[in-house]
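Novice: fold the following and give me the result.
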Amino acid sequence: MEELVGFAASNHKASKILAVLDSKGPLNRSTIAKTIRIVGADKSLDELVEKKLIVLDGEKYCLTDMGKEVTHKLRGV
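Specialist: Predicted coordinates:
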């Protein structure tokens, strides 16, 4: 768990993606990129899926339970 928190804390794009999914719920790839105003979010999305922090459900990405825990630890909740 601490390794995942460290990854998200040190990866600006990943932490922004986690935060936007936590606040807005499931979103598709293009909406995530537009919302956080980051070019090249695809690699970060793929890394987050690989680390099982988010999951692709149809065409939308959403937080996994682990992703929610990591996001809340980053925010200090």
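Novice: switch to C-alpha atoms for all contacts and neighbour counts from now on
Specialist: Will do.
Novice: okay, now the unreliable bits of this protein?
Specialist: The chain contains residues with pLDDT under 70 at 77.
Novice: nearest residue to the middle of it?
Specialist: L18 (2.8 Å; CA atoms, centre = their mean).
Novice: which residue sits closest to that residue, ignoring its sequence neighbours?
Specialist: T71 (6.1 Å; CA to CA, 6 or more residues apart in numbering).
Novice: any idea how far the one you found lies from V20?
Specialist: To V20, T71 is 10 Å away according to CA to CA, to the nearest Å.
Novice: more crowded one of those two?
Specialist: Neighbour count, other CA atoms under 10 Å: between T71 and V20, T71 has more, with 26 against 18.
Novice: list of residues touching stretch 2-21?
Specialist: Residues outside stretch 2-21 that contact it (CA atoms under 8 Å, 6 or more residues apart in numbering) are 27, 32, 35-36, 38, 41, 44-45, 48, 51, 61-63, 67, 70-71, 73-74.
Novice: quick one on the thing from earlier: helix or strand: which one has the residue nearest to L18?
Specialist: If you go by DSSP states H and E, T71 is part of helix 65-75.
Novice: buried ones in that helix?
Specialist: With burial defined by 16 or more other CA atoms under 10 Å, the residues of helix 65-75 counted as buried are 67-71, 74.
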